[in-house]
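*Asks:* Please find the sequence and the predicted model below.
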Amino acid sequence: QAQFVESGGGLVHPGGSLTLSCAAPGSILSRSTMGWYRQVPGKQRDLVAAISASEITFYDNSVKGRFTISKDNAKSTVYLQMNSLEPEDTATYYCNPSTYLSGTWKPTGSWGPGTQVTVSP
């Protein structure tokens with residue numbers, strides 16, 4: 001199965017910024033919607049942003065106006081620019097090809113290792 005590798009996480013103060021990267025295999029970005037998900041221990045993994053093959057974007061209300069998803073097909077990389085970070089954004093972040101089905105986003109690929117984002121004073 002296709003492998004995705006996330007990077008760019010770290011420790012940042014509230015109000016700070018980080019940019020996450022997701023290395024995707026082959027030409028998947030040109031034919032699939034890609035999503036960024038996050039998960040905290042004990043809770044489900046939820047999508048926070050998605051970008052379609054034609055670069056239509058979607059954001060969860062919790063990150064709208066603060067996060068920006070983008071991609072570079074030539075580099076096979078999806079990005080998540082995160083600004084005005086809040087402690088509530090602390091989570092492990094993952095990328096995955098995704099589809100919107102029956103009112104919810106569904107991951108369709110295998111999970112990578114994720115990258116940890118910690119927002120703390």
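*Replies:* Everything's here; your move. Fair warning: this is a prediction, and the values are worked out from it, not measured in the lab.
*Asks:* list the buried ones in the longest strand seen in the chain?
*Replies:* Using DSSP state E to assign secondary structure, the strand with the most residues in the chain is strand 91-101. For strand 91-101, the buried set under the neighbour-count rule, 16 or more other CB atoms under 10 Å, comprises 91-98. (Each C-beta comes from the backbone N, C-alpha and C, glycine too.)
*Asks:* cool, stretch 43-63 as well?
*Replies:* Buried residues in stretch 43-63, counted by 16+ other CB under 10 Å: 45, 47-51, 58-59, 63.
*Asks:* Would you mind measuring the gap between the ends of it?
*Replies:* Using CA to CA, to the nearest Å, the span of stretch 43-63 from its first residue to its last is 18 Å.
*Asks:* which outside residues touch that stretch?
*Replies:* Contacting residues not belonging to stretch 43-63 are listed as 29-39, 67-71, 78, 80, 82, 88-89, 93-94, 98, 100, 105, 107 [CB atoms under 8 Å, 6 or more residues apart in numbering].
*Asks:* Quick one, which of the residues you listed are buried?
*Replies:* Members of those classed as buried by 16+ other CB under 10 Å are 29, 32-38, 67-69, 71, 78, 80, 82, 89, 93-94, 98, 105, 107.
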